[in-house]
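> Structure for this input, please:
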Amino acid sequence: MKLSTLIQMLPVEKIKGNMEIEIKGLAQNSKLVQPGDLFVCIAGFVDDGHHYIPEAISRGAIAIVVQKAISINADIATITVKDTRKALAFLANRFYHYPSQGLKLIGITGTNGKTTVAYILKTILEEARKKTGLLTTVENIVNGHSTISKMTTIESLDLQKLLYEMVGCQTEYAIMEVSSHALSLSRVEGCDFDIVIFTNISDEHFEIHNNFHNYLESKKRLFLSLNESCKDVSNKKGIVNIDEPYACEFEKSLKGGIGLLTYGIKEKGMFRARNIVLNLKKVNFIAETPVGEVEILLNMGGIYNVYNALAAIAAAVSQNISLDTIASAFKKFAGAPGRYKILDYGQPYTIIIDFAHNFHGLEHILKSLKEHSKNRLITIFGHGGERDNRVRKKMGQVVGRYSDYSIITADNPRSEDPAEISKEIERGFQDVENNCYSIILDRVEAIRHALEIARENDIVLIAGKGPEKEQVYHNHTIYHNDEEVVHQILVEKGRE
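A predicted model of the protein is given here:
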């Protein structure tokens, strides 16, 4: 594509050099530049792409996009813009021929539940014989091929490329998690969504957004994006958890012609669950919908997963998928990776792996487990480094309130001292009466200790990492998977 065609309609402040050159590809990482590429300089939180212009040129970049005044010893086409992040999203979308317009794109936002909703919905759509792609915290699936995901919502360039690949293999639906971070950094700018879903929101991610107002406003951008579309707005849907205190903020974001679907348990939503029967392993309920009622068997525990199921049901019904197909899909749904996964190796107590890594998610699962606990509830958890440390005390309060015994351990401390993180969590335990806890920073040893003290009918919750396969420290990363650690420890115990 010619550079002049590529930047057409891009808001530019200054242009220098030949705009009639042929651009073969785009890059935002100088190490990934190929000959003939356009290099977009992103001023990140840690690094600044403008510093890597010489490397990009040496690797074959023939044009650059900048947002700062630069001085380089090379005659190269240069486009200056106000915001290179937004420019990258625009350019990627245009370079890959606006791929979201060739798909039915579903975006899910919320503090918790995004991944589970995505996997349930994927199962339903595939049961209805719809070819479906998936972009999540856990993995990205295109044409049945899975790659490990490194973030909730990938960068705009990678996103548009994957959507383009989905279009190329006749994918009908693309389901993606949309984080507040991605929305604030313009990663989904220009994506033409057909359905957007709001699950819930709590006081999180202040390390990025500074306050709750900014966090809420970033989440609302997904719903606001429905109003800017090339598609028929009458077919677009905004799906909102009506039991959430800020539901009205998302409802008000939708303009005329866009359909609003609500779901809930307490309030009378368009999609509602009743006759809910819960145990540790599954949930049965009747889903009331605008097209009738259907009995649902969900192979996961927790009332919060009923909400996740309702969100997926609302999206499926909006696509005219029958209730029989939906019910059949739920019977086949084995759960989302690392979400409420029960590990059964014949031990006399229950072990659950879950990704819950904030106080909101921890409270949901612990409250649910406490209701079904026949003996002690033992919780292993930590908090990620380089995250908002103001929530750590609250996490300690929540875990201390619901657990009979807790172990504070490491959970991707990154550049922070895990001992300092644990002290900040520990302050929350000091506000809870009759709490009992230990600090064991080695996560393997923390899990080992929990399994050594666990007795018949105890519940051991290993929270925070879910399906992750690494533990990230300041200057090194080690392989670590909670499920594999549990299996190895129990195998060793069986040999004793």
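> mind checking the end-to-end distance for stretch 134-151?
This stretch, stretch 134-151, spans 13 Å end to end (CA to CA, to the nearest Å).
> got a list of contacts for that stretch?
With CB atoms under 8 Å, 6 or more residues apart in numbering as the test, stretch 134-151 has contacts from 114-115, 118-119, 122, 133, 152-154, 159, 162, 165-166, 169, 171, 174-177, 179, 336-338, 355, 466-467. Where C-beta positions appear, they are placed from N, C-alpha and C, glycine not excepted.
> now do stretch 233-246
For stretch 233-246, contacts defined as CB under 8 Å, 6+ apart pick out 110, 193-201, 216, 223, 226-227, 229, 247, 250-251, 253-255, 257-267, 269, 307, 311, 314-315, 318.
> looking only at pLDDT, what's the mean for that stretch?
Stretch 233-246 shows a mean pLDDT of 95.
> Do me a favour and get the end-to-end distance for it?
24 Å.
> Enumerate the positions of it that are buried.
With burial defined by 16 or more other CB atoms under 10 Å, the residues of stretch 233-246 counted as buried are 233, 236-244, 246.
> Then stretch 310-329?
For stretch 310-329, by 16+ other CB under 10 Å, it's 310-319, 321, 323, 326-327, 329.
> which one of these is nearest R387?
The closest of those to R387 turns out to be A311 (CB to CB; 25.8 Å).
> That closest one against Y263, yeah?
Yes. Between A311 and Y263 there is a contact at 6.0 Å, judged by CB atoms under 8 Å.
> rewinding a little: can I have the buried ones of the contacts of stretch 233-246 as a ChimeraX selection?
For the buried members of the contacts of stretch 233-246, the matching ChimeraX selection, counting by 16+ other CB under 10 Å, is:
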select :110,193,194,195,196,197,198,199,200,201,223,226,229,247,250,253,254,258,260,261,262,263,264,265,269,307,311,314,315,318
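> circling back to that earlier point, in helices only, show me the buried residues of stretch 310-329.
Counting by DSSP state H, the part of these found in helices is 310-318, 323, 326-327, 329.
> For the buried residues of stretch 233-246, which two are the farthest from each other?
So, the buried residues of stretch 233-246 by CB to CB: farthest apart are V233 and D243, at 26.5 Å.
> Not counting residues beside it along the chain, what's closest to E55?
S30 (4.3 Å; CB to CB, 6 or more residues apart in numbering).
> Tell me where the stretch 1-150 of the chain has strands.
14-16, 25-27, 37-40, 63-66, 77-80, 104-109, 132-135, 139-142, 145-148 (DSSP state E, counting those that start in this stretch).
> helices or strands up against the second one?
When you say that, I think you mean strand 25-27. strand 37-40, helix 84-95 (3 or more CB pairs under 8 Å, 6 or more residues apart in numbering; DSSP states H and E).
> So in that sheet, which strands flank it, and in what orientation?
strand 37-40 (parallel) (DSSP bridges).
> for E177, what are its contacts?
107-109, 114-115, 118, 135-137, 152-153.
> D442: which of those is nearest?
Out of the contacts of E177, the member with the shortest distance to D442 (by CB to CB) is T137, at 25.3 Å.
> Rank the helices and strands of the protein by mean pLDDT and give me the bottom one.
Lowest mean confidence among the helices and strands of the chain (mean pLDDT, DSSP states H and E): helix 206-209, at a mean of 68.
> tell me the contacts of the residue most central in space within the chain?
Centroid-nearest residue in the chain: T152, 3.9 Å away (criterion: CA atoms, centre = their mean). By CB under 8 Å, 6+ apart, the contact list for T152 reads 114, 136-137, 177-179, 181-182.
> re earlier: relative to N210, which of the strands of the stretch 1-150 of the chain is closest?
Here strand 104-109 is closest among those (CB to CB), at 18.7 Å.
> elements contacting the closest one?
Right, strand 104-109 is packed against helix 114-127, strand 173-177, strand 195-198, helix 212-224 by 3+ CB pairs under 8 Å, 6+ apart.
> Okay, now the sheet partners of the second one, with direction.
Strand 173-177 has these partner strands in its sheet, going by DSSP bridges: strand 104-109 (parallel), strand 132-135 (parallel).
> Tell me which of those strands approaches V291 most closely.
Taking the strands paired with strand 173-177 one by one with CB to CB, strand 104-109 is closest: 19.1 Å.
> K469: how many residues sit nearby?
Counted with other CB atoms under 10 Å, residues neighbouring K469 total 12.
> Setting aside sequence-adjacent positions, which residue approaches it most closely?
That would be N481: by CB to CB, 6+ apart, it lies 4.7 Å from K469.
> Skipping its backbone neighbours, what lies nearest the residue nearest to the centre of the chain in space?
Counting by CB to CB, 6+ apart, T152 lies nearest to S179, which is 4.0 Å off, once chain neighbours are set aside.
> which residues sit in contact with that neighbour?
109, 114, 151-153.
> Export the strands paired with strand 173-177 as JSON lines, with columns for mean neighbour count.
Formatted as JSON lines, the strands paired with strand 173-177 follow (neighbours: other CB atoms under 10 Å):
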{"stretch": "strand 104-109", "mean neighbour count": "26"}
{"stretch": "strand 132-135", "mean neighbour count": "24"}
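> of all these, which lies closest to G25?
The closest of the strands paired with strand 173-177 to G25 is strand 132-135. By CB to CB, the value is 20.8 Å.
> Can you list the low-confidence ranges for the stretch 151-300 of the chain?
The model of the stretch 151-300 of the chain has pLDDT under 70 over residues 205-207.
> mind listing the strands for it?
Under DSSP E, counting those that start in this stretch, the stretch 151-300 of the chain gives strands at 173-177, 195-198, 237-241, 259-264, 271-278, 283-289, 292-298.
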